[in-house]
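Visitor: fold the stuff below for me.
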Amino acid sequence: MSDDITNKDKGIMKYVGLGIRVLIVSASLIMIYWYIDSRFIGFGNLAGILFFVIAAGCAIFYNYIKKFISKLRKRKGGKIAVNIVFVLIGLFIIYVVTALCLMFYGSGKAPEKGATVVVLGCEVRGETPSQALKNRLDAAYSYLTENPDSKAVLSGGQGDNENISEAECMYRYLTEMGISEDRLYKEDKSATTYENIKFSMEIIKNNKLSKNLAIVTDWYHEYRASLIAKRQGIENVGAVGAPTQTYLTANLVTREIFALGKELIFG
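Guide: Alright, predicted model coming up:
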């Protein structure tokens with residue numbers, strides 16, 4: 001009787017394992033398609049595709065990999081190597097989950113009342129804001145409309161393929177939407193998030209604006225932006241998160257996971 005139960009349990013576990021591997025392969029294919037659909041070649045895409053290709057491959061060739069690991073673990077050096085690899089994989093997964101949690105946490109931190117808005121620049125196509133920049137500007141417009149006493153620093157220099165600075169593009173967009181010119185300050189020298197914050201704070205200090213910040217950027221970028229601000233001595237930092245285009249989300253979030261790690265380690 002016990003043998004029958006054992007065999008039955010083994011059969012169930014076999015099908016459960018198969019089901020899990022099918023789910024892993026299916027999820028990996030969906031993610032790979034998501035990265036490819038962004039029609040963008042960059043670190044985020046390549047890293048994401050590589051990770052999910054490996055995940056799918058491990059699921060498909062699970063039995064062969066299991067046998068190989070079993071043979072390897074019988075050797076002293078092989079056992080150590082396998083353990084090191086498993087520990088590194090575990091630590092990487094823990095970091096990715098932690099980074100995603102920090103991103104969601106950062107995007108949900110509301111700014112204090114009367115905060116100075118700092119809009120972080122994004123791609124300008126000629127003299128027209130990209131969709132990503134429009135999303136940020138729409139979020140800034142909503143906040144400025146709801147907080148009529150707040151002013152905004154529009155932060156972004158001019159890229160190689162841009163006819164005007166990102167700050168100028170943002171200024172035109174918001175004034176056309178009805179935001180008064182005297183509420184807007186242009187910071188048109190920055191090229192990185194660090195410079196966005198640093199140069200914006202110089203404008204804020206010179207014009208005696210509130211040092212409580214409401215940073216406007218994509219939701220996934222909010223935590224790293226606030227971390228950079230706090231490392232520059234800015235205590236009160238809130239988030240006005242802008243939505244990210246769905247087809248770009250996997251690529252940009254993957255890239256941000258590594259960028260956040262770099263910021264946490266090297267500052």
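
Visitor: so who does Tyr194 touch?
Guide: Applying CB atoms under 8 Å, 6 or more residues apart in numbering, we find Tyr194 in contact with Ile228. Yep, even glycine has a C-beta here, placed from its N, CA and C like the rest.

Visitor: helix or strand next in line after the helix or strand in which it is found, which one?
Guide: Tyr194 belongs to helix 193-206 when assigned by DSSP states H and E. With elements assigned by DSSP H and E, the helix or strand that comes after helix 193-206 is strand 213-218.

Visitor: got the domain boundaries for the chain?
Guide: 2-107, 116-266 (automatic domain parsing).

Visitor: what's the most buried one of these?
Guide: Most buried of those, by mean neighbour count (mean count of other CB atoms under 10 Å): domain 116-266, with a mean of 19.

Visitor: from memory Ala234 sits against Met201, does it?
Guide: Let me fix one detail, which is that residue 234 is Ile and not Ala. Yes: at 6.8 Å, Ile234 and Met201 qualify as touching, with contact defined as CB atoms under 8 Å.

Visitor: what touches both of these two?
Guide: Jointly contacting Ile234 and Met201 under the rule CB under 8 Å, 6+ apart are Lys211.

Visitor: about what we covered before: which of the domains of the chain comes out lowest on mean pLDDT?
Guide: Per-stretch mean pLDDT for the domains of the chain is lowest at domain 2-107 (a mean of 90).

Visitor: what's in contact with the helix or strand containing Thr254?
Guide: Element membership for Thr254 (DSSP H and E) is helix 246-266. Helix 246-266 is contacted from outside by 31, 34-35, 37-40, 42-45, 47-48, 95-96, 99-100, 102-103, 132, 218, 220-221, 223-224, 227-228, 244, using CB under 8 Å, 6+ apart.

Visitor: re earlier: angle of the helix holding Tyr194 against helix 246-266?
Guide: Interaxial angle, helix 193-206 versus helix 246-266 (axes from the mean of the first three to the mean of the last three CA atoms, to 10 degrees): 80 degrees.

Visitor: only alpha carbons, please: show helix 193-206 as PDB.
Guide: The C-alpha atoms that make up helix 193-206 are tabulated as PDB, following Å, rounded to 0.1, in the frame of the first residue of the first chain:
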ATOM      1  CA  THR A 193      20.000  62.600 -13.200                       C
ATOM      2  CA  TYR A 194      22.700  63.700 -10.800                       C
ATOM      3  CA  GLU A 195      23.100  66.900 -12.800                       C
ATOM      4  CA  ASN A 196      19.300  67.400 -13.100                       C
ATOM      5  CA  ILE A 197      19.100  67.500  -9.300                       C
ATOM      6  CA  LYS A 198      22.300  69.400  -8.700                       C
ATOM      7  CA  PHE A 199      21.700  72.200 -11.200                       C
ATOM      8  CA  SER A 200      18.000  72.400 -10.300                       C
ATOM      9  CA  MET A 201      18.900  73.000  -6.700                       C
ATOM     10  CA  GLU A 202      21.100  75.900  -7.700                       C
ATOM     11  CA  ILE A 203      18.100  77.500  -9.300                       C
ATOM     12  CA  ILE A 204      15.900  76.800  -6.300                       C
ATOM     13  CA  LYS A 205      18.500  78.300  -3.900                       C
ATOM     14  CA  ASN A 206      19.100  81.400  -6.100                       C
END
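
Visitor: how far does it sit from the chain's center?
Guide: Distance of helix 193-206 from the chain centroid (CA atoms, centre = their mean, to the nearest Å) equals 22 Å.

Visitor: how about the helices of this structure, start to end?
Guide: 2-37, 43-60, 62-73, 76-107, 131-146, 166-176, 193-206, 222-231, 246-266 (DSSP state H).

Visitor: of all those, which lies closest to Val118?
Guide: Val118 sits nearest to helix 193-206 of all the helices of the chain, at 4.8 Å, using CB to CB.

Visitor: what's the angle from that closest one to helix 166-176?
Guide: 60 degrees.

Visitor: got a list of what Ala115 touches?
Guide: With CB under 8 Å, 6+ apart, Ala115 has these contacts: 147, 150, 210, 212-214, 236, 238.
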